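Participant: Here is the input, now give the coordinates:
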Amino acid sequence: MTYFALANPFQQFQQYPIAYWIMNILLYSITLASAKLLLFQHVSKIRVPVFIYVIMSIMTMFIDSTAVINDIITCGIAIALIYLTTIVEYHYSLTKITAFYLYPYAIFTILTVLISNIIMHIIHHWDPSMHSWIANNFDFFEELLIFGISWWFINGCQKLTKRYFATVVPYHYIWTWGVALSIFIINFFDYSVVLYHQFILPSPVITGVFVSYIVLLLFTMWITGKYYSYQQDNQLLTSELTNLQTYTSYVETLYDDLRRFRHDYKNILYTLAESFKLNDLQYAQSLLDEMLNSSKLSITEKHSTISHLANVQDADIKSLLFSKYAEAQEDDVQMQIEVEKPFKFHSSINSLDLIRILSILLDNAIHAAAKSQAKRVNVSLFEKGDYQYLIIGNSTLPTTVNLASLESSTKLESQHGLSLKNLRMILSRYPEIQHYVSSKNHWFEQTLRFPK
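Facilitator: Alright, predicted model coming up:
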């Protein structure tokens, strides 16, 4: 069995007619390389640069596709090129790029074996004399057919794989690489058993192995995606329950404050009335001043915060905002929440990811504000046009924050560096979400723009 081999398309150009060379070598190589990249692009929603299509097409022309190691090499080079050229725009990890590439690659490879054998089987029984001629002249059209079937198959299985790519690939690297290893193993079986022994007629055993693998692969992706999605939902509900308990406790405390406030005001008003009866205007004036000053106390601020939070229609976001508000008060940070109109996130972003984003931004803001002189944090949620906006601003100790160093920083000691790497990784999964950062005059502000 040949493990590695190089082909010379120019030597083949001299051996075969020009039409044959164009159809079965040039167009075949372009189609084969492009099919895998287009399927990857379809699954990952990552735009692959044109020059990668060119490089992979040229490599396909020079590398013998019947050697077992060759396809693994081209696969590794394709993943490396995609990772290096898209990391700045998408911030995807190598693991995620690999998972996105190998899944459609496995489907395409297995369907190639199955469909090729079926076609050859039909031709062999229909007209054995045509078998060799068709096998040597219709590779290009066969690849187009397999590409179309692969695209249709992947579309039909999206419900089974969606949770896997959303909940398993970004967080569970060992499991993801285990699935990748199984794909390489089935690829080795493909080349070593099917191509090396040259099974032209479809063997029930070979067909059963490949069909079973596809079923097992999809079932594994579906069950693990469902399991880890359930874990995330459970974690989300636990966090929401904890924050709601804090919120409820705070509302009860606010109610007690209002009741005491009402009781104290009754006493003050009674005393004020007696002062007017006794014509003690100086004492009455002092009581009025005391009433005005007391009305500016924290109870007014608390009531304002509660009234704005009432406009947040996502229960988990409401409870999280209040939890962070309570944390800010513990750090002597004044946190203002502005939600003028009823607001509910319409974005397709995963709820747990949204909570993680908010937690990271709010933790960073409170952490930095606590070290500043103003000790202030502002949070705004609003809609404008076709977008929803989340703006989080905070006072800072330095006059301006170095945004360039902040973007590349992952150090925890940085005032705004807490979990920034995690934030970038989460946002990389949602390229439709825009993230803007600004800093001036001891004020640092981050804006997230979500499409409706």
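Participant: can you give me the strands in the stretch 1-150 of the chain?
Facilitator: Taking DSSP state E, counting those that start in this stretch as the criterion, the stretch 1-150 of the chain carries no strands.
Participant: how close does the residue sitting furthest away from the middle of the chain sit to residue 373?
Facilitator: Relative to the C-alpha centroid of the chain, counting by CA atoms, centre = their mean, residue 278 is the outermost residue, at 71.9 Å. When CB to CB, to the nearest Å is the yardstick, residue 278 and residue 373 sit 47 Å from each other. The C-beta positions use only the backbone N, C-alpha and C, and glycine is treated the same way.
Participant: Next: residue 223.
Facilitator: Relative to residue 373, residue 223 is positioned 54 Å away (criterion: CB to CB).
Participant: So for those two, which residue has more residues nearby?
Facilitator: With neighbours defined as other CB atoms under 10 Å, residue 223 and residue 373 compare such that residue 223 has more, 13 against 10.
Participant: Quick one: residues contacting that one.
Facilitator: Residue 223 is in contact with no residue at all, counting by CB atoms under 8 Å, 6 or more residues apart in numbering.
Participant: tell me the SS of the residue nearest to residue 430 when sequence neighbours are not counted?
Facilitator: Leaving out its chain neighbours, the residue that sits closest to residue 430 by CB to CB, 6 or more residues apart in numbering is residue 349, at 5.5 Å. Following DSSP: H, G, I helix; E, B strand; the rest coil, we place residue 349 in the coil state.
Participant: So residue 150 is in contact with residue 111, correct?
Facilitator: Yes. The pair residue 150 and residue 111 qualifies as a contact (CB atoms under 8 Å) at a distance of 5.5 Å.
Participant: Which one's more surrounded, the two?
Facilitator: Remark: of residue 150 and residue 111, residue 150 carries more neighbours, 24 against 18, as counted by other CB under 10 Å.
Participant: What is the least confident helix or strand in the protein?
Facilitator: Between all helices and strands in the chain, the lowest mean by mean pLDDT, DSSP states H and E belongs to helix 196-197, at a mean of 48.
Participant: ok, back up a step: ramachandran angles for the residue nearest to residue 430?
Facilitator: Dihedral angles phi and psi of residue 349 (degrees, to the nearest 10) take the values phi -60, psi 140.
Participant: Report how many residues lie close to it.
Facilitator: The burial metric for residue 349, expressed as a neighbour count using other CB under 10 Å, is 19.
Participant: how near is it to residue 317?
Facilitator: Remark: distance between residue 349 and residue 317 (CB to CB) = 11 Å.
Participant: do residue 219 as well
Facilitator: In this structure, residue 219 and residue 317 are separated by 35 Å, where distance is defined by CB to CB.
Participant: Likewise for residue 448?
Facilitator: 13 Å.
Participant: what does residue 111 give?
Facilitator: Taken as CB to CB, the spacing of residue 111 relative to residue 317 amounts to 43 Å.
Participant: just checking, residue 432 is part of a helix?
Facilitator: No. Membership of residue 432 in a helix is not supported by three-state DSSP, which gives coil.
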